[in-house]
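Colleague: Quick one, structure for this:
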Amino acid sequence: MRMRRGSAGFTLIEVLVALFIMAGGILMISLAWSGNFMRLRKSQLYGDVATLLERKMVETEAKYTGKPLSEIPEEDEGDFGDEFKQYHWTMKSREMEFPDISAIIIGKDGGGGGDEMLLTMIKQMTEYLSKTIKEVRVTVLVKSRGRKDMEFSATQYFIDYTQDFAGALGGAGAPTPAPAGP
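Modeller: Numbering: from 1, shown residues only. Just a heads-up that it's a prediction; the model follows:
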């Protein structure tokens, strides 16, 4: 008895199944490649932003450290040159604003009006701190196609150590001269 040898080719179904499997594999590889490429671009963007933001903060600190707070402008802006055309920066400064805690002290005292001297000292201290601390916020903006610019910010505080603390308290902390003796 002799066996019949099968045909030398593949059937149409076998070819279609193989093509379907191959197309699915190619699709999965292209999706993985696309996702990795987007993650790589985003990683590069965040790295550039972090570097530029740090550079601008260091420049700002070097420019205004040791100078009176009045020399720090309320607003400033610029770019990073031709190397980073899609990036630009803004700087905004403001005096520190401290909350009014006199209501807490009055409430702690049972509504009896609070200690006037303590309330006065807290008010003067708050005013003094507001005048000696300045908040500076630097923002790096990235231009995006068709969307709103992405913003990345960092905040720094400058303190004017040359302010007279005793003078801010109305002389309350200043030493009083000893009376002249006979």
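Colleague: Who are the packing partners of the helix or strand residue 60 falls within?
Modeller: Applying DSSP states H and E as the criterion places residue 60 in helix 12-64. Applying 3 or more C-beta pairs under 8 Å, 6 or more residues apart in numbering; DSSP states H and E, one finds that helix 12-64 contacts strand 87-95, strand 133-142, strand 150-159. The C-beta positions use only the backbone N, C-alpha and C, and glycine is treated the same way.
Colleague: Dump these to a markdown table, plus distance to residue 19 and mean pLDDT.
Modeller: Shown next, in a markdown table, are those (distance: least, C-beta to C-beta, whole Å; pLDDT from 0 to 100):
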| stretch | distance to residue 19 | mean pLDDT |
| --- | --- | --- |
| strand 87-95 | 47 | 93 |
| strand 133-142 | 43 | 93 |
| strand 150-159 | 43 | 92 |
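Colleague: May I see these organised as CSV, with distance to residue 73 and mean neighbour count added?
Modeller: Output for these, formatted as CSV (distance: least, C-beta to C-beta, whole Å; neighbours: other C-beta atoms under 10 Å):
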stretch, distance to residue 73, mean neighbour count
strand 87-95, 7, 18
strand 133-142, 10, 19
strand 150-159, 12, 14
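Colleague: how about CSV for the ones you listed, with distance to residue 45 added?
Modeller: Converted to CSV, the helices and strands packed on helix 12-64 look like this (distance: least, C-beta to C-beta, whole Å):
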stretch, distance to residue 45
strand 87-95, 10
strand 133-142, 7
strand 150-159, 8
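Colleague: who wins for proximity to residue 28 among those?
Modeller: Closest to residue 28 of the helices and strands packed on helix 12-64 is strand 150-159 (C-beta to C-beta; 30.5 Å).
Colleague: what sits up against the closest one?
Modeller: 49-50, 53-54, 57, 60-61, 64-65, 69, 72, 96, 132-142, 144 (C-beta atoms under 8 Å, 6 or more residues apart in numbering).
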